[in-house]
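>>> following is a predicted model, sequence given first.
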Amino acid sequence: MEHPARPCVVFDLGGVLLRPEGPAAELARVLGVDVEALLVPYWRHRDAYDRGGPSAGFWGALRRDLARDGHEPAEVGDDELDDIDASRWARLADGSAALLADLDRAGTVTAVLSNAPAPLARTVRAADWSRTFCSLVFSCEIARMKPEPQAYAEVEQQTGRRPQELLFFDDRPPNVAGAAQRGWSAHVWGGLDPAREVLSAAGALPG
């Protein structure tokens, strides 16, 4: 049986293609605070940073919150914190490179849609592994975040694909639901093997 037109496959990054361990442990170590203490302000201020807010604003707010809560952080520069925060984005998770190579050999177009601040976006754009993507859409560059409809619309515009021609993987159910509401074929990431099954069924990989 012939497959319909091959979809464009859109990936989230953190928790999908990239290594699952986050930067919290290393950030906490250099700042001299507990991981649990760090995570509260880290996520409290993250949305503004992911929308394109400056690094100084994000790390400054994080330091102030830590100090206010009785956790005096060490004096560490914003650039060093940015480097630590972005470091895991330079390396793919085990198996992701092979998946992307197989999609490329199959002639399947791929793209990225990620909620990420500017330092992380720069790290991805500079990485060798990102060169096969036709489009890299980051929240910091469009001031919109998943699951806002405008984030998905930006991918549609950049790829030139209709919603029904896009197949999406994300590890967060609200982001998957947002894509599905636009008519994308949207899937919660469950690992490489389930993803390969979905891709093969959609004609994006050889069966």
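Yes, it's here. Numbers count the residues shown, from 1 in each chain.
>>> domain ranges for this structure?
Using automatic domain parsing, the domain parsing of the chain gives 8-19+92-201, 24-88.
>>> which of these sits closest to residue 207?
Closest approach to residue 207 among those (Cβ to Cβ): domain 8-19+92-201, 4.9 Å. C-betas here are computed from N, CA, C, even on glycine.
>>> got the end-to-end distance for that closest one?
Using Cα to Cα, to the nearest Å, the end-to-end distance of domain 8-19+92-201 comes to 14 Å.
>>> picking up where we left off before, need the winner for burial among the domains of the chain.
Ranked by mean neighbour count under mean count of other Cβ atoms under 10 Å, these are led by domain 8-19+92-201, which reaches a mean of 18.
>>> mean confidence score for it?
Mean pLDDT, computed over domain 8-19+92-201, is 97.
>>> and stretch 28-42, by the same measure?
96.
>>> compute the first-to-last residue distance for it.
11 Å.
>>> who touches that stretch?
Residues outside stretch 28-42 that contact it (Cβ atoms under 8 Å, 6 or more residues apart in numbering): 24-25, 27, 61-62, 65-66, 69, 71-74, 76, 80-81, 84.
>>> give me the subset of those residues that lies in helices.
The helices, defined by DSSP state H, take in 24, 25, 27, 61, 62, 65, 66, 80, 81, 84 from the contacts of stretch 28-42.
>>> surely residue 152 meets residue 179?
Yes: look at residue 152 against residue 179 with Cβ atoms under 8 Å: they come within range, at 5.7 Å.
>>> which stretches in this structure count as strands?
8-11, 110-114, 135-138, 166-170, 185-188 (DSSP state E).
>>> identify the residues contacting the second one?
Residues from elsewhere that reach strand 110-114 (Cβ under 8 Å, 6+ apart): 8-14, 100, 103-104, 120-121, 124, 130, 132-139, 146, 151-152, 154-155, 158-159, 168, 170.
>>> for the residue lying closest to residue 58 once chain neighbours are set aside, give its distance to residue 103.
Leaving aside its sequence neighbours, residue 58 sits nearest to residue 49 (Cβ to Cβ, 6 or more residues apart in numbering; 4.0 Å). According to Cβ to Cβ, to the nearest Å, residue 49 and residue 103 sit 30 Å apart.
>>> quick check, pLDDT for residue 89.
88.
>>> OK, contacts around it?
Counting by Cβ under 8 Å, 6+ apart, residue 89 makes contact with 13, 14, 18, 116, 120, 123, 124, 127.
>>> now the two most distant members of those residues.
Maximum distance among the contacts of residue 89 (Cβ to Cβ): 13.8 Å, for 14 and 127.
>>> unless I'm mixing things up, the residue nearest to residue 58 is touching residue 56, no?
No: with contact defined as Cβ under 8 Å, residue 49 does not reach residue 56; the gap is 10.4 Å.
>>> follow-up on the earlier one: can I get the ones in helices among the contacts of stretch 28-42 in CSV including distance to residue 39?
CSV is the format used below for the ones in helices among the contacts of stretch 28-42 (distance: Cβ to Cβ, whole Å):
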residue, distance to residue 39
24, 6
25, 10
27, 9
61, 14
62, 10
65, 11
66, 11
80, 19
81, 14
84, 14
